[in-house]
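> Okay, predicted coordinates and the sequence, questions at the end:
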Amino acid sequence: MSENFQPRIVGFLCNWCSYAGADLAGTSRLKVPANLRVVRVPCSGRINPLFIFKALEEGADGVMVSGCHPGDCHYISGNRYAKRKLAVIRRLLDWVGVEPERIHFTWLSASEGARYAVEVGEFVDKVRALGRRNPMARQGVAS
Amino acid sequence: MNQSLRENVKRLFAEGKVKSVLGYREHPLSKAVVATLITRPEDADTLIFDYRCVQNLARGLTRDLPLPVGIVVKGCDGRAVSMRITEGDFAREQIVAIAVACPGVKADGKTFDERCQRCEMHVSPLADVTVGDVSALPKPEKTRAETIAKIKAMTPAERFEFWQKAFEPCTHCYACREVCPLCNCVVCVTDQNAPRWIEQTAKPSSNLMWHMIRAFHHAGRCVDCGECQRACPEGVPMHLLDLCLAEDVEELFDFETGVKQGGKWPFLLFNPEDPDSWLGGPHRG
Amino acid sequence: MADGMKISREALQTALSKRGAIFAPNDVGRWTAVESLPELGPIRPRRPVKDLFTPPRREIARWKAGAGPAEIEPAKPDETPGSVFGVRPCDARALLLLDRAFVQAPYVDPHYKARRDNLLLIGLACQPGPNCYCGVFGFGPDDKDAVDLMLTPKTDGFVAQAGSTRGQAFLATVVTVAVPVPAPRPGPRPEWWTGLPDPKTLYANFDHPMWRELGTSCMNCGVCTQYCPTCQCFTIDDESFKGEIQRLRIVDNCQRSDFTRMAGGHNPRQVAASRLRQRVLHKFSYIPTQNPGLVGCTGCGRCVELCPLDRHLFADVFEIMKRINQEAERVA
């Protein structure tokens, strides 16, 4: 779509691994697109499907969720539950007609600052190619 | 069938196995088949079971009933009761499942319900008493995959358009929620206003949000009784979305709702072997 | 024989269009603005006509969030003239009840009143269906007392009878031919019907165990309330999106479990059966007691048709009264 389109992406990052990884990307002066707005959660297992659906409804062009690698969760198994939930969330969004490229679920550890920068960059590009808007985005107070 | 059902119920009362029984009866005035709760053995003579017994009585199980409660269950209903026990709403000893050999029901009085044509479990897996001939029950004529094939074949844009049209008549009456035996949250997410996740009035966004959350809450818990769709006064086909997720739950977690006693909801468990590819998408798998 | 005025469909359409927008039920039973008068079925549509007067969602004010005090814009009552085509007697009679709630001084709902004042009600006679029982309340499928005009469909138009001075005035502006019309038909009643419950006796049996029995087969889904033409409960809610805020008047439903929940958590109607009792008593006891001559039901039969549990709410009312009377006789 338009070249000036800057996607707005909400990223739910778990506090212990992914958020620290994002922080590392920052302190390492790596280029990370400003399109991602971060919401810090204690664990990827905290993710309520409503967070993702609401973000899309409120107009986010893409949603990302990142947690610790399975086996490394600060709360031992929160991310394992998250994996199951996220699997079905992705399927549900798929059934409803939200393009799968708008959703990015991943595991990023505290040391993967470079990886974070790369993944966010690629994700933003993919979403930019899709254009505005995601079909779930509301147009106004009565829609 | 009616005779055998009534005798069995009278026997359960006589043996002290039940203090009340939830079943179906024909209303003396309107002649419609309605749910009934009987507390005296002589009232068992009002109980019936035939193709008109469409309702899922499991929704009538509330904790203020005289327990132990007997409940007449078809295959789908029995699976719902099983899930209610698994989820801790009732102890196993509080329920006496009166399983009927159900060949299918006809909500329109003429043809078997769509879900009955797909049914693979005509008799409740939870059965303390079995009534009727279980050997002569029909085989499924089609599969769940066939029912949702048309949505699977659509592009994302077509799918979104399909659901927008499907949910447009929704008035947020929540009849679908009330008749569902597995909609049992103490405070429903739609009634919460801090934060207000789902707005009360009908519009494209809130209609979609309600039905998406409803489907998600039922992923792996829905027993395909179809009551939600039958209850809807506007004919919204929300059950179709439940079927879509049921396919996914079965594929991902190899889980069939309510069949195994004590079979825990897949989201309460994990398997260390769960593959990362589930995260899906074009990026990292 | 009374006199009616024969009027062609085209003449009626032209006259109504001159007035303004025409509202009619669409093919799924919802009231919408139409370009031309539709062909309608034999009975009332799924949605009651009250939707045009007490819509499920009505804006009453709006403002924008931001720094400083908000400028609140109250919604203006809609005074645009128009007409409603295809109003059945049951729905029209129900409006008389709603008038009691919303137009009676000293508290007048200006939005409701504006629509009542400006929408001409064009009634349409019915061929009663299996769930209809307007005859119980003393009127029938041709009743014109609550509409401005009552139309009886004919092959080449309608025969119209004025139900009000406003209707009379409208008829005078249209080319018509006077024709004789038969007496109005009596409304249908269930075969088991023997009489309306006595409001005071019903209330005196507030604690009767039969309410509990009836309650076990009711799921309080609220569909009966949602589609009832006389139900009028509403609540106020705010909705917002990106700083734009709407204050709304939305329909409420006494069958919801949290209808009587108060701040602090106390809920006098926590038990499902108590909410069913509330609905029955409101319609058949409280309303008749406070409005002699009126009952909170007009026999449209939507509750019977749409109940997902195949309950017959009206039959329940009858059963309760029968049981109460039987017990009273035994004691006497």
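Yep, it's here. The shown structure was predicted, so the numbers you read here are calculated from the model rather than taken from an experiment.

> Now do B:A157 against B:Q55, distance only.
Distance of B:A157 to B:Q55, computed by C-beta to C-beta, to the nearest Å: 38 Å. C-beta coordinates here come from the backbone N, C-alpha and C atoms, glycine included.

> Also A:E99?
40 Å.

> Might you list the low-confidence residue ranges for chain A?
A:1-3 (pLDDT under 70).

> what helices or strands is the one helix or strand B:E7 maps to leaning on?
According to DSSP states H and E, B:E7 maps onto helix B:2-14. Contacts defined by 3 or more C-beta pairs under 8 Å, 6 or more residues apart in numbering or on different chains; DSSP states H and E place helix B:2-14 against strand B:20-26, strand B:47-48, strand B:69-73, strand B:95-100, strand B:129-131.

> contacting residues around it?
Residues outside helix B:2-14 that contact it (C-beta atoms under 8 Å, 6 or more residues apart in numbering or on different chains) are B:18, B:21, B:23, B:38, B:40-41, B:44-45, B:47-50, B:70, B:72, B:96, B:98, B:100, B:129, B:131-132.

> Tell me, how many residues neighbour A:E99?
19 (other C-beta atoms under 10 Å in any protein chain shown).

> list the contacts for it?
A:E99 touches A:130, A:134, B:156, counting by C-beta under 8 Å, 6+ apart.

> again, only using 7 Å
A:130, B:156 (C-beta atoms under 7 Å, 6 or more residues apart in numbering or on different chains).

> roughly how far apart are it and B:G16?
60 Å.

> Could you do B:E120 as well?
Computed as C-beta to C-beta, the B:E120 to B:G16 distance reads 35 Å.

> more crowded one of the two?
B:E120 (12 against 8).

> higher neighbour count, B:A157 and B:Q55?
Per other C-beta under 10 Å, whichever of B:A157 and B:Q55 has more neighbours is B:Q55, with 26 against 11.

> Kindly confirm my reading that that one is in a helix.
No: counting by DSSP: H, G, I helix; E, B strand; the rest coil, B:Q55 is not found in a helix; it is coil.

> Correct me if wrong: it contacts C:L309.
Yes: if you go by C-beta atoms under 7 Å, B:Q55 and C:L309 touch, sitting 6.0 Å apart.

> what touches both of the two?
Common contact partners of B:Q55 and C:L309 (C-beta under 7 Å, 6+ apart): B:A35.

> what distance separates stretch C:216-231 from the centre of its chain?
Averaged C-alpha coordinates place stretch C:216-231 at 13 Å from its chain's average position (C-alpha atoms, centre = their mean, to the nearest Å).

> Kindly export it (C-alpha atoms) in CSV.
The C-alpha trace of stretch C:216-231 is given here as CSV (Å, rounded to 0.1, in the frame of the first residue of the first chain):
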residue,chain,number,x,y,z
THR,C,216,-36.2,-25.3,36.9
SER,C,217,-37.1,-25.3,33.2
CYS,C,218,-36.2,-21.7,32.7
MET,C,219,-32.7,-20.7,31.9
ASN,C,220,-33.1,-17.0,32.2
CYS,C,221,-31.6,-16.6,28.8
GLY,C,222,-33.7,-13.4,28.5
VAL,C,223,-34.8,-14.0,24.9
CYS,C,224,-38.5,-13.5,25.9
THR,C,225,-37.6,-10.2,27.5
GLN,C,226,-35.4,-9.1,24.6
TYR,C,227,-38.3,-9.5,22.1
CYS,C,228,-41.3,-8.5,24.2
PRO,C,229,-43.1,-5.5,22.9
THR,C,230,-44.0,-4.2,26.4
CYS,C,231,-40.6,-4.7,28.1
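
> residues in contact with the most centrally placed residue in chain A?
Nearest to the geometric centre of chain A sits A:M64, at 0.8 Å (C-alpha atoms, centre = their mean). When contacts are counted by C-beta under 7 Å, 6+ apart, A:M64 touches A:9, A:11, A:36, A:104, A:123.

> contacting residues for whichever residue of the stretch 201-332 of chain C sits closest to chain A?
Residue nearest to chain A within the stretch 201-332 of chain C: C:F241 (4.2 Å; C-beta to the nearest C-beta). Contacts for C:F241 were tallied using C-beta under 7 Å, 6+ apart; they are A:138, A:140-141.

> from those residues, which are also near chain C?
Restricting the contacts of C:F241 to those near chain C by C-beta under 7 Å from any C-beta of the partner chain leaves A:138, A:140-141.

> Can you tell me which of those residues are buried?
A:138, A:141 (16 or more other C-beta atoms under 10 Å in any protein chain shown).

> follow-up on the earlier one: compare the helices and strands packed on helix B:2-14 and report which one is nearest to chain A.
Evaluated over these, closeness to chain A peaks at strand B:69-73, with 27.7 Å, by C-beta to the nearest C-beta.

> quick one, the closest one and helix B:2-14 angle?
Per axes from the mean of the first three to the mean of the last three C-alpha atoms, to 10 degrees, the angle that strand B:69-73 makes with helix B:2-14 is 160 degrees.

> anything in strand B:69-73 near chain C?
No: contact of strand B:69-73 with chain C (C-beta under 7 Å from any C-beta) is absent, the minimum separation being 11.0 Å.

> residues in contact with that strand?
Applying C-beta under 7 Å, 6+ apart, the contact partners of strand B:69-73 are B:9, B:12, B:18-24, B:49, B:57-58, B:61, B:81, B:94-100, B:124.

> In PyMOL, how would I select just the buried ones from those residues?
Buried members of the contacts of strand B:69-73 can be picked out in PyMOL with the line below, counting by 16+ other C-beta under 10 Å:
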select buried, chain B and resi 9+12+18+19+20+21+22+23+24+49+57+58+61+81+95+96+97+98+99+100+124
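
> What about B:A194, how many residues nearby?
Neighbour number of B:A194 under other C-beta under 10 Å is 5.

> If anything else comes up later, I'll come back, but that's it for now.
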